[in-house]
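Colleague: here is my input; please provide its structure:
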Amino acid sequence: MNVVRGLFIKRWSSDVRLDGKTAIVTGANSGIGKETAKDLARRGARVIMACRDMVKAEQAACDILREVENATVVTCKLDLADTKSICDFAELIYNTEKSLHLLINNAGVAMCPYSTTADGFETQFGVNHIGHFFLTFLLMDLLKHSAPSRVINVSSLAHSMGKIHFEDLNSEKNYHPVKAYVQSKLANVLFTRELATKVEGMGVSVYAVDPGLVKTDVIRHMKKSLQFFVKTFGFLIKTPAEGAYTTLYCALTPDLPNGTYFSDCAVAPCSRAANDNNTASRLWAASCHLLGIRWK
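Modeller: Numbers count the residues shown, from 1 in each chain. The predicted structure is shown next:
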């Protein structure tokens with residue numbers, strides 16, 4: 001089994017230390033986020049685990065503290081489906097942290113039944129894109145102050161099937177869980193592309209990553225046939241630790257090209273739509289409009 005896995009899963013490691021650095025990982029209570037937080041803590045970083053479910057967050061923090069000697073992890077409430085919660089979280093960070101070197105926008109939802117966030121956004125678009133867009137906006141001054149710093153947006157290969165439906169961003173006219181999901185993942189890549197141009201020369205680097213197909217709780221809303229495939233052919237699918245490799249690669253590797261999309265710890269091609277500067281600029285403007293903010 002391990003031999004078979006070795007044919008498909010690219011291994012990666014690094015001895016880079018992060019002593020004195022501060023990192024925020026959203027959705028750090030399980031899956032890729034938890035593994036990312038654990039690895040960063042093992043390297044000496046102060047890790048802020050930003051999670052919606054504080055019971056699960058505290059349990060995940062206890063797991064990390066038990067597994068990683070001298071780890072420094074802090075749990076904080078963050079509900080990306082509620083802009084008030086995002087504001088409260090950002091205020092807490094500015095009141096308690098002197099610096100922020102890594103913002104890892106990892107949390108997400110996938111292919112769920114139709115629902116809306118506290119602010120009326122379709123949940124997948126609202127959490128996966130709008131929530132992280134707003135969080136990054138609020139924390140940008142601290143990221144600039146702490147430069148060199150990095151923002152890493154966890155996207156997906158599924159972005160290549162996506163289209164930004166500007167006439168129906170919230171899927172009010174026509175909702176399909178897959179269409180909404182791939183739109184949100186495309187939005188992650190476009191946000192990365194546009195943000196890189198906005199922070200040029202400020203010491204902030206921005207990357208989008210595809211973690212690959214990872215066996216996590218995200219499959220709970222997927223069709224039973226796909227759940228069966230994941231459970232039956234799990235040896236072909238990455239573990240959460242393996243899914244975190246590309247995020248960690250972008251967090252730790254020096255001199256990466258800014259605004260770039262990565263997969264399997266290397267620069268990867270993204271879709272034509274993801275390379276469209278006009279679409280990236282238009283989505284940026286639409287996101288600011290929806291949030292009622294000015295971010296030039």
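
Colleague: so what's the residue count around Leu92?
Modeller: 15 (other CB atoms under 10 Å). Heads up, the C-betas are built off the backbone N, CA and C, glycines and all.

Colleague: what's near enough to touch the residue nearest in space to the middle of the chain?
Modeller: Nearest to the mean C-alpha position of the chain, by CA atoms, centre = their mean, lies Asn106 at 2.4 Å. Contacts for Asn106 (CB atoms under 8 Å, 6 or more residues apart in numbering) come out as 25-28, 32-33, 36, 152, 154, 247.

Colleague: got it, and Asn29?
Modeller: 49, 51, 53, 56-57, 59-60 are the contacts of Asn29 under CB under 8 Å, 6+ apart.

Colleague: please repeat the previous calculation with a cut-off of 6 Å.
Modeller: 51, 53, 56-57, 60 (CB atoms under 6 Å, 6 or more residues apart in numbering).

Colleague: which other residues reach the longest helix seen in the chain?
Modeller: Using DSSP state H to define each element, the chain has its longest helix at helix 177-198. The contact list for helix 177-198 (CB under 6 Å, 6+ apart) reads 110-111, 122, 124-125, 128-129, 133, 153, 155-156, 158-159, 161-162, 171, 206, 208, 258-259, 261, 270, 274, 280, 283-284.

Colleague: mind pulling up the pLDDT for the closest residue to Ser184 other than its chain neighbours?
Modeller: Leaving aside its sequence neighbours, Ser184 sits nearest to Asn128 (CB to CB, 6 or more residues apart in numbering; 3.7 Å). The per-residue pLDDT reported for Asn128 equals 98.

Colleague: what's the spacing between Asn128 and Ala158?
Modeller: 11 Å (CB to CB, to the nearest Å).

Colleague: how about Gly126?
Modeller: Taking CB to CB, one finds Gly126 at 17 Å from Ala158.

Colleague: these two - which one has more neighbours?
Modeller: Gly126 (27 against 18).

Colleague: surely the more buried one touches Thr117?
Modeller: Yes - taking CB atoms under 6 Å as the definition, Gly126 is a contact partner of Thr117 at 3.8 Å.
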